[in-house]
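*Asks:* build the 3D model from these lines:
(2 chains)
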2 protein chains.
Amino acid sequence: MNIAPTNLAIDRERLWSTIMQTARIGATAKGGIRRLTLTDLDAAVRRWFIAACEEAGCTVRIDEMGNIFARRPGRDNSRLPIAVGSHLDTQPSGGKYDGVIGVLSGLELIRTLNNAAYETTSPIEIVNWTNEEGSRFAPAMLSSGVYAGKFTRDFAYGRQDRDGLAFGEELRRIGFVGSEPCGAAHHPLAAFFELHIEQGPILEAEKKVIGIVTGVQGMRWYEATVTGTDAHAGSTPMSLRADALLAAARMIEAVHRVATRHAPLAVGTVGLIEVRPNSRNVIPGECFFTIDFRHPEDRVLDEMEKELGTALPAIAAETSVTLAWQRIWNSPAVHFAPECIGAVREAAAARGYPAREIVSGAGHDSAYVAAVAPTAMIFVPCEKGISHNELEKAEPEHVAAGADVLLQAVLSMDSHLAEQGRA
Amino acid sequence: MNIAPTNLAIDRERLWSTIMQTARIGATAKGGIRRLTLTDLDAAVRRWFIAACEEAGCTVRIDEMGNIFARRPGRDNSRLPIAVGSHLDTQPSGGKYDGVIGVLSGLELIRTLNNAAYETTSPIEIVNWTNEEGSRFAPAMLSSGVYAGKFTRDFAYGRQDRDGLAFGEELRRIGFVGSEPCGAAHHPLAAFFELHIEQGPILEAEKKVIGIVTGVQGMRWYEATVTGTDAHAGSTPMSLRADALLAAARMIEAVHRVATRHAPLAVGTVGLIEVRPNSRNVIPGECFFTIDFRHPEDRVLDEMEKELGTALPAIAAETSVTLAWQRIWNSPAVHFAPECIGAVREAAAARGYPAREIVSGAGHDSAYVAAVAPTAMIFVPCEKGISHNELEKAEPEHVAAGADVLLQAVLSMDSHLAEQGRA
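*Replies:* Just a heads-up that it's a prediction; the model follows:
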């Protein structure tokens, strides 16, 4: 019989020192990490990770996308592995926690099981997904996307960075083209858990330590161009103007109004705007701007889009400008597996951590993996929600709590699957 | 004795072809001109202008602000020159007539006097003022302002464009730092006349060919910087945002509201805006924008400024951003010299052009020059009042009429001054 999971606990000092140790690979002066995917620094952290996993008794397999799977055997190795993980690559000026804690807490989990000589029924795997950030090779989550069948391997191999170097060539150059085909069909998982920093301010604001991530919200991007008449700011009466920026200002207010109407779950952002001719004493004749709408439910995004479709043309009419707008991207909402969400919820409760359910606003490897394996995520707070920034900061006790919940969730999922096996 | 001025007439074909010739320097695809001050294109049109003036027998002097004075001697060169002119720089997407016709009609005037071997009593000068537009280096009319003692030379030299390049450095780079000190004390004028397009819809609407400009409305420029917090557009709830662009959008609406409250004479414009980081999925953390207020009465501008001073901080507070704003320029209402206005009125009447008195809505170099020399302006219609726009359009016969009135006004002023001299 299994030891009661709650008697097992991770070693928070060991976890933290491991995080700080890998943070030296690509460390920046401001305390962040610059470890772009498929660079020599990425290769260095990969080699370090493989060595650490093998030292922990794991068998390492690498697929043709460079995704790394480190396996600790279970009692019944005919069973599919329960996997945990995230990514070790970073933004150009990234922090020490984004992605990294999801992989290293997996390593800490294995070390904890080893120290306790704890034998799981199913094998356990740690996964390091290649190119989650997408800042060198777009799009983001490229290799978990290939794993989940969202992209083909050859599409991925053909992606080029700013210098025209192809993903495939760089993967070969750093020596990480594995022998195993990439995909859930070749390497199925019984479940996947990903620990990650929130990258938002909600947990901190509510003094929660654990975010029970129930899914990833749907995202829609739009582009709008407003055309008025650029004219002299001094000699054109207010009544005779067709001011593209005034129209855009009212449309920005409308985007805010639509998102706020569907708050707290909806968000709406105008992040980019370009005005022509953009001169102090000329009434703007043209204005281009983008709109980013997100919500956990696609049907709400449909409503928001419909409301925007009513508001924007009305503003264009009242300001005597013409409007051209279109949706340029639609990423449907992702809902994680109830059994995995439940395992995280129970683990947080069992360990007594203040927790709340949350929907991820950002994209993660789990969003793709969820399409081919039961998946859930665990969030921990990061200071002021700041991420993709060298100043990204997470508290040791929060990261430890996240790793602890990850451990408990994996063990309860293992017991759950064992029960099923027996039934 | 002088020939009766009315027997002299400018060559409208020559004037028009000269306008079209210079329009090639910085020509845009849409038929306008992009010839920002102190750029290589500005240098090119300056060199063309100097060559043309010297070919017409003028002596060219350049002051330390790059203002160009081309002089045709008179019978009595101990007298102060009667000057005409405007500016050859344009807006980022400017037209072919704004400023240009005021300088080139001066050249046509000199050529006409040369062909008729007409000798004036006072010397005649054509002036090209540096940086009238102010779209690259704020404020506008910078060099006529230094000439009139409104700004110091060093203040002007220190003005920076949005790339951080200083006016002084750029003036030196294009080789137009002249040897003559800038100022009416060093280079006094007996009178100044400026021919310009109306840049408004009034003359066209009333089928007038000549606007007898009696003054210029007051103008105030402001700069505002709104600082919020740039954060992830997907993971930051609407309630926890400090969106600098949303705040700016509401401030743009406030500028419109204040100006509209004081319409029809008041105008208010936000023509330039810059957002940081200006990325689709990042909530804007900083927003810089400009405000342009104008009205014929300074006391109304005081009220408008007071209303803005109440509205902007209130918006900053409600949107959780910080606001820094200041007035960077104040150009009081200007009233031109009765004797110069009279000369324009008589010239228009003598030539039988439909004319009306008008107050300029736009700023002009004449607004500053009027403080140190008797000054007036002549307006001609432009299609639909559209200006600061590549589609700006003026009729050849209207431009010719304006140049003709300019010639007559200068000659009657010359006779008038000669009479005074004799009295």
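*Asks:* give me the helices and strands touching the worst-scoring helix or strand of chain A on mean pLDDT, please.
*Replies:* Least confident helix or strand, chain A: strand A:231-232 with a mean of 88, by mean pLDDT, DSSP states H and E. Counting contacts by 3 or more Cβ pairs under 8 Å, 6 or more residues apart in numbering or on different chains; DSSP states H and E, strand A:231-232 packs against strand A:282-283. C-beta here means a position set from N, CA and C on the backbone, and glycine is covered the same way.
*Asks:* immediately after the least confident helix or strand of chain A, which helix or strand?
*Replies:* Using DSSP states H and E, the helix or strand that follows strand A:231-232 in sequence is helix A:244-261.
*Asks:* ok, residues contacting the helix or strand containing residue A:171?
*Replies:* Using DSSP H and E, residue A:171 sits in helix A:167-173. Contacting residues not belonging to helix A:167-173 are listed as A:38-39, A:65-66, A:130-131, A:137, A:142, A:156-161, A:177 [Cβ atoms under 8 Å, 6 or more residues apart in numbering or on different chains].
*Asks:* got the contact list for the closest residue to residue A:335 other than its chain neighbours?
*Replies:* On the basis of Cβ to Cβ, 6 or more residues apart in numbering or on different chains, the spatially nearest residue to residue A:335 that is not a chain neighbour turns out to be residue A:215, at 4.4 Å. Shown here is residue A:215, whose contacts under the criterion Cβ under 8 Å, 6+ apart are A:296, A:333, A:334, A:335, A:336, A:359, A:360, A:370.
*Asks:* the second one - nearest residue in space that isn't next to it in sequence?
*Replies:* Going back to what we said before, that points to residue A:333. Using Cβ to Cβ, 6+ apart and skipping residues adjacent in sequence, the residue nearest residue A:333 is residue A:218, 3.6 Å away.
*Asks:* I'd assumed residue A:301 was in contact with that neighbour.
*Replies:* Yes. Assessed by Cβ atoms under 8 Å, residue A:218 is found in contact with residue A:301 at 5.2 Å.
*Asks:* between the two, what contacts are shared?
*Replies:* The contact sets of residue A:218 and residue A:301 overlap at A:294, A:295, A:333 (Cβ under 8 Å, 6+ apart).
*Asks:* mind listing what the second one touches?
*Replies:* This means residue A:295. Shown in contact with residue A:295 (Cβ under 8 Å, 6+ apart): A:217, A:218, A:262, A:265, A:266, A:267, A:301, A:304, A:333.
*Asks:* hey, what's the second one bridged with?
*Replies:* So that's residue A:218. Residue A:218 forms beta bridges with residue A:295, as assigned by DSSP bridges.
*Asks:* contacts only, for the residue of the stretch 201-350 of chain A found nearest chain B.
*Replies:* When distances are taken as Cβ to the nearest Cβ, the stretch 201-350 of chain A reaches nearest to chain B at residue A:235, 3.3 Å away. Shown in contact with residue A:235 (Cβ under 8 Å, 6+ apart): B:198, B:199, B:200, B:267, B:360, B:361, B:362, B:385, B:387.
*Asks:* tell me the buried residues in stretch A:167-187?
*Replies:* Buried residues in stretch A:167-187, counted by 16 or more other Cβ atoms under 10 Å in any protein chain shown: A:167, A:168, A:170, A:171, A:174, A:176, A:178, A:182, A:183, A:187.
*Asks:* what distance do you get for the residue nearest to the fifth one when sequence neighbours are not counted to residue A:20?
*Replies:* If I follow you right, that is residue A:174. Distances taken as Cβ to Cβ, 6+ apart place residue A:43 nearest to residue A:174, at 3.9 Å, with adjacent residues excluded. According to Cβ to Cβ, to the nearest Å, residue A:43 stands 20 Å off from residue A:20.
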